[in-house]
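1. coords please:
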Amino acid sequence: MDRHEFTVKIVDRSHAVTRDLPAELQANDELYHHMHMQPGVHVLATAFDDRRFNGTGNDEPVIWTVDSAKAASSTPLSDMT
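-> Modelled structure (predicted):
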């Protein structure tokens, strides 16, 4: 996985985690792909995984919540600086 710029699209603007974010934002990071979301996961934002960067050619989840007493939310967007 190579670091590159991509657009993050907020797909649930009503959730407290994403409510105050713009509809789209730019990221410069690695974009994980082939992520398999389990039951109880609610995707809040996605990013297009461009084939030019060995991606899947699909929108991939990048911010989500997990319906669990032990977890609140997660994101692989770790190096967005």
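
2. now do residue 20 against residue 38, distance only.
-> According to CB to CB, to the nearest Å, residue 20 stands 27 Å off from residue 38. C-beta here means a position set from N, CA and C on the backbone, and glycine is covered the same way.

3. actually residue 63, not the one I wrote
-> Residue 63 sits 16 Å away from residue 38, taking CB to CB as the criterion.

4. these two: who's more crowded?
-> Taking residue 63 and residue 38 together and counting by other CB atoms under 10 Å, residue 63 has the greater number of neighbours (23 against 7).

5. might one say that that one is in contact with residue 44?
-> Yes. Here residue 63 lies in contact with residue 44, judged by CB atoms under 8 Å, at a distance of 4.4 Å.

6. tell me which helix or strand the residue nearest in space to the middle of the chain sits in.
-> The geometric centre of the chain, computed from its C-alpha atoms, lies nearest to residue 62 (CA atoms, centre = their mean), at 1.1 Å. Assigned by DSSP states H and E, residue 62 belongs to strand 59-68.

7. same check, this time on residue 33
-> With the criterion set as DSSP H and E, no secondary-structure element contains residue 33; it sits in neither a helix nor a strand.

8. now do the contacts for it.
-> Contacts were defined as CB atoms under 8 Å, 6 or more residues apart in numbering; by that measure residue 33 touches 49, 55-56, 58, 60.

9. can you rerun that using 7 Å?
-> Shown here is residue 33, whose contacts under the criterion CB atoms under 7 Å, 6 or more residues apart in numbering are 49, 55-56, 60.
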